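Trainee: predicted coordinates and the sequence they were generated for:
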Amino acid sequence: MAVTLTVNGRTQQVEADPETPLLYVLRDHLELNGAKYGCGIGQCGSCTVMVDGEAVLSCVTPVLLLEGRRVTTVEGLGTLEKPGPMQQAFIEEQAAQCGYCIPGMMMRAQALLQADPSADEATIRAHLEPNLCRCGTHMRIIKAVMRAGEIMRHNPQSGGAS
Amino acid sequence: MTLLRIVLGLVFILAIGTAAFIGYAWHSRLDPIDPPAKASLDAKLLARGAELAAIGNCNVCHTAPNGEAFAGGLGIPTPFGTIYSTNITPDLETGIGRWSEEAFSRAMRKGVDREGRHLYPAFPYDHFTLVSDEDNRAIYAFLMTRKSVSAKSPANQLPFPFNVRMLLAGWKALFFREGPYLPENGRPAEWNRGRYLAEGLGHCGACHTPRNRLGAEIPDQHFAGAEIENWTAYAINSGSPAPLPWDVESLASYLRHGWHDRHGVSRGPMAPVTANLGAASEADVKAIAAYVAEVMGRPSKERLAQSEAALAAARQEREAAPLRRTGETGNGPGEAIFVSACQGCHDGRRPPPFGGLNLHLSTAVNAPNAQNIINVTLYGLPAAKGEPSAMMPAYRGVLNENQLVALLDYMRERFSKQPAWTDTRERVSSTLRGERRVPVYRMDGTTHAPPETSMRTAPWP
C-alpha cells in the first residue's frame, strides 16, 4: 500500500504497510539514516524527529498517522556544506561522543528552540529529559543547544528547518 | 422613633451574632516550643510515623516538583483560587519546628494552625480529624525528624472574600464534624481499621467523592467518583466502572504495588498514592482494601456475568492471531490507528505492569468520560526513575484531534458495553489546546511535568 509522506520538504509516495513505524520508512525506504533505532519502545529518544514542529518518537509512530503532515529529520536541518544552527552548534561544541543519541537530541532541541529560541538552561534540561545519552556528554549537549539558541536569536532566519 | 428602635435592635442582634461567631471561630495561639531532640524519640514511633505519613500522602501536597520533601510550596488549584501548601519540615522559621505535639494534633483534629488561624480544607482536616492522638503522635515524631528546610511558601492567591480565614469557621459549622473516629460495633476489627484509615488519614474521599459548590464533599455521594486536576477519580462505591469487580485481594495488591494484572496500573494523581502505600504496613493496606471492597459491595449476578464475558474476550484475543493489516476489516480510521499504534502492547499477551492491559479489562474505557485515556495517550506513562516500572510512550504531537477522537470512539465501542461518550471531542480539543491542564506523574509517583504540559507548580488560571 502506498503512503504519501512529506519529509524534509519533499512529498513522496512510499510503498509500506500503514502500520510501519516512521523510523523504518525513514531508514529503509528513504535512506535517511540520521534517526536511530535504540529501544524500539519510545523510551530512549534516539529516534526523535519532528512532525509539524513537535518532537515525536518515530519508532512508535505508524506512518498512517502522517498523511499531510510535515516530517523533519536531522538531515533536514542543513547540509555538510551549510549546516543549520543546531548542527553548527553541535560541531562547534564537539558534543558527540559515540553520536548515536545526537540526531534525536538535536531534533528534540530543535523543536524547543523553534518554539522558544530564548529557552534557558533549566528549560532545555527539562525538555531533553526523554532523550538518553550513554556516553555522558550531557554537559556538551546542553552547551551546544544553548549555543544553537544564540545563533538562532542573532539570525532569526537561520533556524528554519523544512 | 420606632424606626430608630428597629435599627438599634438590628444592630444589637448583629453585634451579638458577630460576637458569638467570633467566640465560636476563635482558637487560641499555642506557645512555640524548642523542637524535640531526635534522640529523645523512640525508633519504633518514628517507623510507625513513616508508615502513617505514607498513608496520609503528606509528601505529595507538601512537596513542590523538584523541591525538597515536605518543604511545601506546591500550588493547589481550587475553584476559589490557588492555595500553596506549607512547609512541614522542622525548620524553626518557615516550617513547623516551633509546633508542639498539641499544636500538631489540633491542626489535624480541628484544622487550626499553631497561631489559632483557621486552615483551608485543601488540607483535608475533614478527614484527618478522625486520626487518633496516638497516630498523630507518631506522625508528629516522624515529621519533626525530617530534614529541616528553610523555604517560605508563596502567598495564597485567593480573591476576597475567600482570603478571610475567619469565614472558614462558617464553612466548618456547615460541613465539618470533629472526630475522633468511633469504631462501629459489630464489625470486624479489620473493617473498622480500614474505615478509620480510608475515611481518616487516607482521605480517599478527597478525590473520589464529588464536592458541592463550597468545596465540601457531598455525603450522600460518598465515593461516587469525581474529576480532579483533569484526571477522573473513578467511583469506588457500587458504581465502580471496573469491568472486573474488585475484591479485597486484588485491591490490596493494587494499592501496594500500583498495578494489578487484570485491572491495569495506577497513574495520574493515584500514582503517588500507590507509591506511598508501598511503604505502608501490609496489614493497614489490607484493611483499607477490606473496607473499600465492602463499600463497593458484592457484585450482582449480572455484573459477574459481564466480568466473565470481559475475561473471555480478553483471553480469546490473547490466543487468537492479532489483527494485522490495517484497513482489512474496513472499520475506519479508529481501528486502523488502534491496530497500528496500540495493539502491539495492548493485546494482553504480556500482562501489566510490563505489558499493556487488554482493554476489555480496562476501567478507563468503561469510565463516564474519556479523559484518563486522553491524558495517558497524549502524555504517556513516564517511567519510574532508576527502577523497573510500567511505562507508555506519549503520543502528543503524533495524534491530531480527529485521529484521537476516532481512536477513542473505536475503543469505547469495541471494549465497552457502555453507550458512546458524548463529550470526547470537546475534551480532546481542550486538552490539546492546553486549556485542560494535566499534571503528569511518573510511575514511581513523583510529579513529572514535561515542558510542553502544564507544570504543577505554576499558578493555574
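Mentor: Everything's here; your move. Residues are numbered from 1 along each chain as shown, chains lettered A, B, ... in the order given.

Trainee: hmm, B:Pro353 is touching B:Ser389, no?
Mentor: Yes. At 6.7 Å, B:Pro353 and B:Ser389 qualify as touching, with contact defined as C-beta atoms under 8 Å. Using the backbone N, CA and C atoms, a C-beta is placed for each residue, glycine as well.

Trainee: got the end-to-end distance for stretch B:413-423?
Mentor: One end of stretch B:413-423 to the other measures 15 Å (C-alpha to C-alpha, to the nearest Å).

Trainee: secondary structure element for B:Thr18?
Mentor: Applying DSSP states H and E as the criterion places B:Thr18 in helix B:2-25.

Trainee: so what touches the next helix or strand after that helix?
Mentor: With elements assigned by DSSP H and E, the helix or strand that comes after helix B:2-25 is helix B:43-56. For helix B:43-56, contacts defined as C-beta atoms under 8 Å, 6 or more residues apart in numbering or on different chains pick out B:59, B:128, B:135, B:137-143, B:145, B:197, B:201-203, B:276-281, B:284, B:288.

Trainee: and the helix or strand following helix B:43-56, what other elements does it pack with?
Mentor: Scanning forward in sequence from helix B:43-56 by DSSP H and E, the next helix or strand is helix B:58-61. When contacts are defined as 3 or more C-beta pairs under 8 Å, 6 or more residues apart in numbering or on different chains; DSSP states H and E, helix B:58-61 packs onto helix B:270-277.

Trainee: in three-state terms, label the residue of chain A found nearest chain B for me.
Mentor: Nearest residue of chain A to chain B (C-beta to the nearest C-beta) works out as A:Gly42 at 2.7 Å. Here A:Gly42 is recorded as coil under DSSP: H, G, I helix; E, B strand; the rest coil.

Trainee: so what's it up against?
Mentor: Taking C-beta under 8 Å, 6+ apart, we find A:Gly42 in contact with A:Leu57, A:Cys59, A:Val60, B:Gly380, B:Pro393, B:Ala394.

Trainee: swap the cut-off to 10 Å and go again
Mentor: By C-beta atoms under 10 Å, 6 or more residues apart in numbering or on different chains, the contact set of A:Gly42 is A:21, A:48, A:56-61, A:130, B:380, B:391-395.

Trainee: now B:Glu93
Mentor: B:Asn87, B:Ser148, B:Ser150, B:Ala151, B:Lys152.

Trainee: may I ask which of those has the most neighbours?
Mentor: Neighbour counts for the contacts of B:Glu93, by other C-beta atoms under 10 Å in any protein chain shown, peak at B:Asn87, which reaches 25 neighbours.

Trainee: check contacts around that residue.
Mentor: B:62, B:67-68, B:70-73, B:93-97, B:148-153.

Trainee: before we move on, what about A:Asp52?
Mentor: A:Leu66, A:Gly68, A:Arg69, A:Arg70, A:Val71, A:Thr72, A:Ala111, B:Gly397, B:Val398, B:Asn400.

Trainee: of the residues you listed, buried ones?
Mentor: Buried by 16 or more other C-beta atoms under 10 Å in any protein chain shown: A:Leu66, A:Arg70, A:Val71, A:Thr72, A:Ala111, B:Gly397, B:Val398, out of those.

Trainee: re the thing from before, so which elements touch the helix holding B:Thr18?
Mentor: helix B:167-175 (3 or more C-beta pairs under 10 Å, 6 or more residues apart in numbering or on different chains; DSSP states H and E).

Trainee: tell me the one of the buried ones among the contacts of A:Asp52 nearest B:Ala37?
Mentor: A:Ala111 (53.0 Å; C-beta to C-beta).

Trainee: the closest one against B:Gly397, yeah?
Mentor: Yes. With contact taken as C-beta atoms under 10 Å, A:Ala111 and B:Gly397 are classed as touching, separated by 8.2 Å.

Trainee: now for those two: what residues contact both?
Mentor: In contact with both A:Ala111 and B:Gly397: A:Met50, A:Val51, A:Asp52, A:Gly53, A:Glu54, A:Ala55, A:Val56, B:Glu452, using C-beta under 10 Å, 6+ apart.
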